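A.B. asks: could you work out the structure for the sequence below:
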Amino acid sequence: MQTTHYEHPPELAAWQARLAALAAAAVTEQGPDGAHDLNHFERVWRNAQALLAHYPQADALVVLAACYLHDLVNVPKDDPRRSMASRLSAARAGVALAALDFPADKLAAVAHAIEAHSFSAAVPATTLEARIVQEADRLDGLGLVGLARLFYIAGRMGSALAHGGDPLAHDRPLDDKAYALDHIGAKLARLPAMMQTAAGRSLAEARLAALTDFRGAFALEWSGMPHAGA
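C.D. replies: Numbering: from 1, shown residues only. Here you go, the predicted model:
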């Protein structure tokens with residue numbers, strides 16, 4: 001995919017600082033989580049800008065707000081309330097944005113983009129802005145940063161690195177709650193086909209390729225076999 005530069009509207013800078021402060025306060029309140037910290041929100045916004053460069057008709061302020069506030073309520077992956085997190089975040093974001101005099105006519109669009117970003121909530125993204133935020137967040141789960149986040153989250157959940165005798169799940173069902181490596185096949189490999197924008201799909205496919213290469217090399221090393229060319 002050809003890289004297109006996104007021209008940042010000047011008025012977004014002031015809003016970005018306010019939104020980052022809201023996100024940082026939520027992170028402090030909820031406690032440390034290296035997979036959902038302020039760096040995550042900033043990466044999601046950078047991903048969104050890469051997509052906005054291809055879709056200039058999208059409302060960049062809506063996208064910006066949703067990128068920074070989509071995890072205001074961060075529920076652990078193994079918590080039974082996980083599917084409610086995006087709705088809770090959207091409600092909290094609405095209150096916080098109203099207090100900042102955020103444009104009232106954009107609040108519903110921000111709320112929808114936040115609600116629809118979540119994989120577990122399964123809320124269809126019905127606007128371009130929501131699709132961009134959803135894809136920007138999912139892109140942060142792919143590639144090498146996504147790989148680091150995968151193992152970080154698995155460690156917090158107490159998962160094993162991989163199945164002892166069948167790391168690639170040739171003769172067993174994938175179980176990413178028990179084995180971190182399984183998450184690549186169980187969820188992440190599905191993401192490129194779920195992207196609704198061509199730009200998002202192209203970026204996702206490139207990042208998934210890095211995970212696929214890692215998965216194969218990991219399995220060889222895990223099983224005591226030499227790498228190709230070693």
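
A.B. asks: apart from its chain neighbours, what residue comes closest to R201?
C.D. replies: Spatial nearest neighbour of R201, chain neighbours left out: M195 (4.0 Å); criterion: C-beta to C-beta, 6 or more residues apart in numbering. Placement of C-beta: from N, CA and C, glycine included.

A.B. asks: now do the contacts for the one you found.
C.D. replies: E135, R138, R201, A204 (C-beta atoms under 8 Å, 6 or more residues apart in numbering).

A.B. asks: could you report the pLDDT at G141?
C.D. replies: G141 is assigned 95 on the pLDDT scale.

A.B. asks: let me know whether it touches L188 as I believe.
C.D. replies: Yes - in this structure G141 lies within contact range of L188 using C-beta atoms under 8 Å: 6.2 Å.

A.B. asks: quick check: neighbours shared by these two?
C.D. replies: Joint contacts of G141 and L188 (C-beta under 8 Å, 6+ apart) are L150.

A.B. asks: isn't there a helix covering H40?
C.D. replies: Yes - under DSSP: H, G, I helix; E, B strand; the rest coil, H40 sits within a helix.

A.B. asks: so it versus L128, what's the distance?
C.D. replies: To L128, H40 is 22 Å away according to C-beta to C-beta, to the nearest Å.

A.B. asks: which residues of the protein score low on pLDDT?
C.D. replies: Judged by pLDDT under 70, the chain has its weakly predicted residues at 1-7, 76-83, 226-230.
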